[in-house]
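In: would you be able to build a 3D model of this:
(one chain, ligands or ions: 1)
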Amino acid sequence: AEAIEFYGAHQAGIVTPAQDRLHFAAFDVITSDREELVELLKAWTAAAARMCGGDYAGPGGAVGGDVYAPPEDTGEAQGLPASGLTLTIGFGPSLFQDADGADRFGIAAKRPDALTELPGFPLDDLDPAISGGDLCIQACANDPQIAVHAVRNLARIGFGTVSIRWSQLGFGRTSSTSQAQATPRNLMGFKDGTANLKAEDGDLLDEHLWVGDGDGADWLAGGSYLVSRRIRMMVETWDRTSLTEQEAIFGRDKSEGAPLSGGGEFDEPDFDAERDGAPAIPMNAHVRLAHPSSNDGARLLRRGYSFVDGSDDLGRLDAGLFFIAYQRDPATGFIPVQQALAKSDVLNEYIKHTSSALFACPPGVADGSDWWGRALF
Ligand code: HEM
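Out: Numbering: from 1, shown residues only. Predicted coordinates:
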């Protein structure tokens, strides 16, 4: 129920403990006026700070303002606590330059090299209508009504300046971002988030998560890159797969989440260990291919959510993992890991990537006079 501090050196919603619910929205900016965009970012910051504190989106509240105007808050969060709401903003490559390379808002020169469209990966089945976006808002909370209320009110405030391009609900966290949290399970029934970057990781966070002072974009120092991938799971096929095969695919056991090389959940996998003359963790197992030792030390902070978006016309659940990963540089983070997975991961028989986006999330908002993206404009 309690509120998570909105102000700080880093945006909340990255290394703060992963909440249980997600509403993620990508926006297109529909104005070409830089001042309008700046005014929106200021208004969004003020509303976000209020809502994360458990308050209405606007000071007039849901019913207390001018009765002849639409209310300054849509009202469905009345009586509900802050529920750990975090709102995290990101800026997409297309905010800086349009498809023809034109400088949309006078910020093209500030686009970091890393903030460019992700490369295509083998087996990608991306729908452009639910990919990309100029801006994103990641709303996480422990109550879905609170997360939806926040996105809805930001969209309402942005009417005429931005429009929602696509959005995604998530209902169960699939990662831990703190050692204080129990590891949750994904829709394949496996513990997910065991070997994740976590709040307690100290120097590793500066090395792998936060953009540094010398990384080439001053406005982004203290921020992070967000990669989102909507990954559909063929759950019906998965459910007809033997337990032995399921465990071999991940390289961990289903009950405890322990590596198949032995030990407990948090023991390091031993990739040299053998069982019956074969590698205990198969060569094409997910954890072997995704492990830092296979990817030049790459480490990600995964912060994804499960989704079920109804069912398809064959009666199969449209279910999966809305994968979110934060990192200091996608070129040494998500990209090499996904290249390795797309090439050899046995899990590929059961999943399909249907949307993709990359955003640069600026550092935290210092106080009430600061606003999202101030150093960029
Ligand atoms: C580990 C599931 C997609 C990167 C794991 C684990 C599971 C899992 C069960 C082992 C527990 C853990 O350490 O968290 C899945 C599922 C996916 C998926 C069901 C798709 C539906 C991805 C993608 C990436 C990724 C797209 C990045 C490109 C990782 C990494 C680890 C991991 C880095 C930790 C490896 C280690 O250090 O041991 N995943 N994953 N996963 N996954 Fe995935």
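
In: all contacts plus neighbour counts: C-alpha atoms, from now on.
Out: Fine.

In: how about the closest residue to the ligand within the stretch 1-150 of the chain, secondary structure?
Out: As assessed by C-alpha to the nearest ligand atom, the ligand sits closest to Phe121 within the stretch 1-150 of the chain, at 10.5 Å. In three-state terms, and counting by DSSP: H, G, I helix; E, B strand; the rest coil, Phe121 is coil.

In: doesn't Ala342 make contact with it?
Out: Yes - with contact defined as C-alpha atoms under 8 Å, Phe121 counts as touching Ala342 (6.5 Å).

In: between these two, which has more neighbouring residues?
Out: Ala342 (18 against 15; other C-alpha atoms under 10 Å).

In: what's the nearest residue to the more buried one if we skip its chain neighbours?
Out: Nearest non-adjacent residue to Ala342, counting by C-alpha to C-alpha, 6 or more residues apart in numbering: Pro122, 5.7 Å away.

In: enumerate every residue touching that neighbour.
Out: With C-alpha atoms under 8 Å, 6 or more residues apart in numbering as the criterion, the residues that contact Pro122 are 339, 342-343.

In: ok, these vs the ligand, which is closest?
Out: When these are compared for distance to the ligand (C-alpha to the nearest ligand atom), Gln339 comes out closest, at 7.6 Å.

In: what's the burial count for that closest one?
Out: Here the count is done by other C-alpha under 10 Å, and Gln339 has 18 residues near it.

In: same deal with the one 10 residues further on?
Out: One way to gauge burial is a neighbour count; for Glu349, by other C-alpha under 10 Å, it gives 11.

In: any idea how far Thr237 is from it?
Out: The spacing between Glu349 and Thr237, counted by C-alpha to C-alpha, to the nearest Å, is 9 Å.

In: so does the strand or helix carrying Phe322 get close to the ligand?
Out: Using DSSP states H and E, Phe322 maps to strand 317-327. Yes - on the criterion C-alpha under 6 Å from any ligand atom, strand 317-327 is in touch with the ligand at Leu321.

In: you'd agree Ala114 is up against Pro330?
Out: Yes - using C-alpha under 8 Å as the test, Ala114 is close enough to Pro330 to be in contact (6.7 Å).

In: which one of the two has more residues nearby?
Out: For Ala114 against Pro330, the residue with the higher neighbour count under other C-alpha under 10 Å is Pro330, and the figures read 23 against 20.

In: can you tell me the SS state at the residue in the chain positioned nearest to the ligand?
Out: Residue nearest to the ligand within the chain: Gly193 (3.2 Å; C-alpha to the nearest ligand atom). Secondary structure of Gly193, reduced to three states by three-state DSSP: coil.

In: please tell me how far it sits from Ser294.
Out: Taken as C-alpha to C-alpha, the span from Gly193 to Ser294 is 18 Å.

In: quick one: end-to-end distance for stretch 72-91.
Out: End residues of stretch 72-91 are separated by 26 Å (C-alpha to C-alpha).

In: count of residues packed around Asp370?
Out: Applying other C-alpha under 10 Å, we find 15 other residues in the vicinity of Asp370.

In: so for it, what's the pLDDT?
Out: The model reports Asp370 with a pLDDT of 98.

In: what helix or strand is it on?
Out: Per DSSP H and E: Asp370 is located in neither a helix nor a strand.

In: residues contacting it?
Out: Residues counted as contacts of Asp370 (C-alpha under 8 Å, 6+ apart): none.

In: on the three-state scheme, Ala69 is what?
Out: coil.

In: okay, it and Thr332: tell me how far apart.
Out: In this view, Ala69 and Thr332 are 50 Å apart by C-alpha to C-alpha.

In: more neighbours, those two?
Out: When neighbours are counted by other C-alpha under 10 Å, Thr332 comes out ahead of the other of Ala69 and Thr332, with 18 against 7.

In: that one against Tyr326, yeah?
Out: No - taking contacts as C-alpha under 8 Å, Thr332 lies outside contact range of Tyr326: 11.7 Å.

In: mind listing the strands for the stretch 51-200 of the chain?
Out: In order along the chain, the stretch 51-200 of the chain carries the following strands (DSSP state E, counting those that start in this stretch): 86-91, 135-141, 162-170, 172-173.

In: up against the ligand, what does the stretch 201-350 of the chain have?
Out: Applying C-alpha under 6 Å from any ligand atom, one finds that the stretch 201-350 of the chain approaches the ligand through 231, 250, 287, 290-292, 300, 321, 334, 337-338.

In: let's see 5 Å
Out: Residues of the stretch 201-350 of the chain lying close to the ligand by C-alpha under 5 Å from any ligand atom are 287, 290-291, 337-338.

In: columns secondary structure, distance to Thr241 and pLDDT on top of these, output as TSV?
Out: Output for these, formatted as TSV (DSSP: H, G, I helix; E, B strand; the rest coil; distance: C-alpha to C-alpha, whole Å; pLDDT from 0 to 100):
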residue	secondary structure	distance to Thr241	pLDDT
Val287	helix	19	98
Ala290	helix	22	98
His291	coil	24	98
Val337	helix	25	98
Gln338	helix	24	98
